[in-house]
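Chemist: need the 3D shape of this:
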Amino acid sequence: MIGYISPLNTVTLRQVVKRILQSGKITHADEKFFLRAMVAEEPLTTEEIEQVHTVLDRLQMGLLKVEP
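Modeler: Residues are numbered from 1 along each chain as shown. You can find the predicted model right below:
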């Protein structure tokens, strides 16, 4: 499971994807999070890859609003 430690807490890929899908919005910070997940030493799990694909599919279908 990919997680990133911030000063206040650890944010997981699952949490980021859940927030994106619930809000219908993806931000530049989300993009950076995905990029860090892709180059992390620990490879993504099958479930995490599926979650990323879900976000990408929704972006391609125009179902997510891209925000700065």
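Chemist: C-alpha only now, for contacts and for neighbours.
Modeler: Will do.
Chemist: which regions of this protein sit below the pLDDT cut-off?
Modeler: Low-confidence segments of the chain (pLDDT under 70): 1-9.
Chemist: what ranges does it have for its helices?
Modeler: Here the chain has its helices, by DSSP state H, at 13-23, 28-39, 46-60.
Chemist: distance check, Arg14 against Ala29.
Modeler: 15 Å (C-alpha to C-alpha, to the nearest Å).
Chemist: also Thr12?
Modeler: According to C-alpha to C-alpha, Thr12 and Ala29 sit 14 Å apart.
Chemist: looking at those two, which is more packed in?
Modeler: Thr12 (17 against 11; other C-alpha atoms under 10 Å).
Chemist: who does that one form a beta bridge with?
Modeler: Following DSSP bridges, Thr12 is listed with bridge partners Gly3.
Chemist: if I look at it, how far off is Lys18?
Modeler: 10 Å.
Chemist: just how off-centre is stretch 17-31 within its chain?
Modeler: Chain-centre distance of stretch 17-31: 7 Å, with C-alpha atoms, centre = their mean, to the nearest Å.
Chemist: kindly report the same for stretch 60-68.
Modeler: Averaging C-alpha positions (C-alpha atoms, centre = their mean) puts stretch 60-68 13 Å from its chain's average.
Chemist: and that stretch, what's buried?
Modeler: Neighbour counts over stretch 60-68 (16 or more other C-alpha atoms under 10 Å) mark Leu64 as buried.
Chemist: which outside residues touch that stretch?
Modeler: With C-alpha atoms under 8 Å, 6 or more residues apart in numbering as the contact definition, stretch 60-68 has outside contacts at 21, 24-28, 58-59.
Chemist: of all those residues, which two lie farthest apart?
Modeler: His28 and Arg58 (16.2 Å; C-alpha to C-alpha).
Chemist: thinking again about what came up before, can you redo the contacts of stretch 60-68 as CSV with distance to Leu44 and neighbour count?
Modeler: Shown next, in CSV, are the contacts of stretch 60-68 (distance: C-alpha to C-alpha, whole Å; neighbours: other C-alpha atoms under 10 Å):
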residue, distance to Leu44, neighbour count
Leu21, 19, 16
Gly24, 23, 16
Lys25, 23, 15
Ile26, 20, 20
Thr27, 21, 13
His28, 21, 11
Arg58, 20, 14
Leu59, 20, 16
